[in-house]
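Peer 1: Please work out how this folds:
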Amino acid sequence: MKNRVLLYLFLVLNVISCGVSKSIHHVPKINQFSLEIPKVEKVNDSTFSFKENYLTKNKQQLWELYIQGNPLQLGYNNGALTQSLMQNQEAIFFSKVEGFVPSKFKQKLLNGFLKWYNRKMYLNIREDYQTEIYGLSQYSSDKYNFIAPKYLRSLYLHGAHDIGHAMQDLAMVGCSSLAVWNENTEDGDLLIGRNFDFYVGDDFAKNKLVEFVEPENGIPYMSVSWPGMIGVVSGMNKEGITVTINAGKSKIPMTAKTPISLVTREILQFAKNIDEAIAIAKKRKVFVSESILVGSATDKSAVIIEVSPDNFGVFKMENSSQLVCTNHFQSEAYKDDERNRKQIAESHSEYRYEKLQELLNENPKLNPEKMASILRDKSGLKGAQIGYGNEKALNQLLAHHAVIFSPEKRLVWVSSNPYQLGEFVCYDLNKIFSDERLKTGEFATSNLNIAKDSFVDSQEFKNYEEFKKLSSQFDENKILSDEFINHYQALNPDFWLVYFQTGKYYFNQKNYRKAKVEFEKALTKEITTVLDKKNVEKYLKKTLRKLK
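Peer 2: The predicted structure is shown next:
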């Protein structure tokens, strides 16, 4: 996982570094909007305000942001209130990049590499969103101006999510989502759940941001992401439209177009029903493949909009009141797509899809608590123990967040750390986007919160956290004792990776007999992907040749 993250960051830096292209001179037309520079009042260490805009941290450690205004004012309000959080997020992200490319000479080379990549991105982003990003970017750190100017850096970072999805051999994402309604819920209302498994390290996921945005034009909405982001990866608007995104199989894009999170932002801000959501998605040019699960209170159902650079499809269930989405396409438009077929055959997407179907069969009528239980499920098919952190599980113990939507009631539940195991905090959009919030000054509807997962307090969870820390020891060419290895494997004994890691260690130490035993053990476990299994088999063959 560490090497995958580093490669991802390297490629994102390449993308950002192309600020030397013609687009470096582009600035949105900000003069068309009125602006009052925010003077932020610090109420305490975790609460800040400017007029009716404010940022606060709740007891579950979620940051809650409310902003309103025209596009430029939205950006400035966002940036002024979240400045320390946003700069910290930048530091976390770019410290990984600098660690990977410490050479100043190589950094200069990166500034020339793929310099054309983002030259057309701004042409594919709405002017109002560019303006909002411009306002936000004014509060970015000066420390990283060597990469690109603040505005361009912020603009390009909105495509970082897309790049992570596009990396063909990176398991950066493995999101799962589902929608149920009518006979499949206890009250008959539409209910949607999702895990957002976008992982760039624990520090990156620490400061979750729940945003409530009241734009001058369009529909008020909420979203869950991170500081410095105006796009939407999970969100719902006041009309009861929800969006969640799941990666599809993408080739590495050759030119940047519209970041998917800005497509979904547009849907939330301007769509009142499924047809309007489809129309918005259809007119935008994207540069990766993505499934957008859209729920609608008006339509009392959900569909999956499947977009890619050269194709478009819509999938909905006929004669069924449930919809399941993982990381492959299901619509007729992609039935002959070779890349999608390969994704189904070789990735962990189909496995998780089947697991969702299995859990829905076991829970024919869902409510928010039961939905949370599904999202937190760590087992394999038929309850098999497949190891903690296995990407074939719905709960891979790396989620940035999980969200549950009840669109008809305008209720949303957002998970808290660690991963999606902490308490789900409930928000009522009817109250938040009304005078009632102004009277109480509170966002959450705490009496409807969903309790934390008891797994958090278990020895197994403590073991998993220790397993993650000890895994780095295998990357540092250290001599490891038998006692260390036995302890490491005992922390997560059902996970194939512990045996593969150990096997590679013994192989590098030229202890081929022990390596053989470990590779054979790994092959008895539920290995995540076909590619991973082939890699284990390759090492075993090399080991057997060494033993001859």
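Peer 1: for the record, mean pLDDT for stretch 403-413?
Peer 2: Stretch 403-413 carries an average pLDDT of 98.
Peer 1: Over to stretch 212-219?
Peer 2: 98.
Peer 1: Give me the buried positions along that stretch.
Peer 2: Within stretch 212-219, the residues scored as buried using 16 or more other C-beta atoms under 10 Å are 212-215, 218-219. Backbone N, C-alpha and C define where each C-beta goes, glycine included.
Peer 1: I'd like the residues you listed laid out as CSV, including distance to residue 204.
Peer 2: CSV is the format used below for the buried residues of stretch 212-219 (distance: C-beta to C-beta, whole Å):
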residue, distance to residue 204
212, 22
213, 22
214, 27
215, 27
218, 29
219, 29
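Peer 1: The stretch 251-400 of the chain: helices as residue ranges?
Peer 2: 260-270, 274-283, 338-346, 349-362, 368-375 (DSSP state H, counting those that start in this stretch).
Peer 1: Please flag which of the buried residues of stretch 212-219 sit within strands.
Peer 2: 212-215 (DSSP state E).
Peer 1: Who's the closest spatial neighbour of residue 429, skipping the chain neighbours?
Peer 2: In this structure, residue 429 finds its nearest non-sequential neighbour in residue 410, 4.1 Å apart by C-beta to C-beta, 6 or more residues apart in numbering.
Peer 1: which residues touch that neighbour?
Peer 2: By C-beta atoms under 8 Å, 6 or more residues apart in numbering, the residues touching residue 410 are 236, 238, 240, 297, 428-430.
Peer 1: on that earlier part again, what's the farthest-apart pair in the ones in strands among the buried residues of stretch 212-219?
Peer 2: Taking C-beta to C-beta as the measure, these span a maximum distance of 11.2 Å, between 212 and 215.
Peer 1: Output the longest helix belonging to the chain.
Peer 2: Criterion DSSP state H: the longest helix present in the chain is helix 71-100.
Peer 1: Lowest mean pLDDT across the helices of the stretch 251-400 of the chain, which one is that?
Peer 2: That would be helix 338-346, which, of all the helices of the stretch 251-400 of the chain, carries the lowest mean pLDDT at a mean of 92.
Peer 1: how about that helix: buried residues?
Peer 2: Using 16+ other C-beta under 10 Å as the test for burial, helix 338-346 gives 339-340, 343-344, 346.
Peer 1: Same check on stretch 285-296?
Peer 2: Buried-residue list, stretch 285-296, by 16+ other C-beta under 10 Å: 286-296.
Peer 1: What's the local residue count around residue 298?
Peer 2: 16 (other C-beta atoms under 10 Å).
Peer 1: so what's the closest residue to residue 308 other than its chain neighbours up against?
Peer 2: The shortest distance from residue 308 to any non-neighbouring residue, by C-beta to C-beta, 6+ apart, is to residue 289 (3.9 Å). Contacts for residue 289 (C-beta under 8 Å, 6+ apart) come out as 165, 247-250, 306-309, 329, 339-340.
Peer 1: What of residue 541?
Peer 2: No residues are in contact with residue 541 under the rule C-beta under 8 Å, 6+ apart.
Peer 1: What's the PyMOL syntax to select whichever of the contacts of residue 289 are buried?
Peer 2: The PyMOL command for the buried members of the contacts of residue 289 (criterion: 16+ other C-beta under 10 Å) is given here:
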select buried, resi 165+247+248+249+250+306+307+308+329+339+340
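Peer 1: from the contacts of residue 289, which ones fall inside strands?
Peer 2: Counting by DSSP E, the contacts of residue 289 contribute 247, 306-308 to strands.
Peer 1: which of these lies closest to residue 482?
Peer 2: Nearest member of the ones in strands among the contacts of residue 289 to residue 482, counting by C-beta to C-beta, is residue 247, at 40.1 Å.
Peer 1: Surely the closest one and residue 326 touch.
Peer 2: No - taking contacts as C-beta atoms under 8 Å, residue 247 lies outside contact range of residue 326: 9.5 Å.
Peer 1: got any residues that touch both of these two?
Peer 2: residue 175.
Peer 1: so how far is the longest helix of the chain from its chain's centroid?
Peer 2: How far helix 71-100 lies from its chain's middle: 17 Å, per C-alpha atoms, centre = their mean, to the nearest Å.
Peer 1: Now that helix: buried residues?
Peer 2: For helix 71-100, by 16+ other C-beta under 10 Å, it's 71-83, 85-90, 92-94, 96-97.
Peer 1: got it, and stretch 178-188?
Peer 2: Within stretch 178-188, the residues that count as buried by 16+ other C-beta under 10 Å are 178-181, 184-185.
Peer 1: With distance to residue 523 and pLDDT added, can I get the ones in strands among the contacts of residue 289 in TSV?
Peer 2: Shown next, in TSV, are these (distance: C-beta to C-beta, whole Å; pLDDT from 0 to 100):
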residue	distance to residue 523	pLDDT
247	28	86
306	35	97
307	38	95
308	34	92
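Peer 1: Who's the closest spatial neighbour of residue 331, skipping the chain neighbours?
Peer 2: residue 313 is the one closest to residue 331 (C-beta to C-beta, 6+ apart), at 3.2 Å.
Peer 1: again, but for residue 292
Peer 2: Excluding the flanking residues, the one nearest residue 292 by C-beta to C-beta, 6+ apart is residue 305, at 4.3 Å.
Peer 1: Show the contacting residues for that neighbour.
Peer 2: By C-beta under 8 Å, 6+ apart, the contact set of residue 305 is 277-278, 281, 291-292, 294, 312-314.
Peer 1: at 7 Å instead, please
Peer 2: Residue 305 sits next to 277-278, 281, 292, 294, 314 when contact means C-beta atoms under 7 Å, 6 or more residues apart in numbering.
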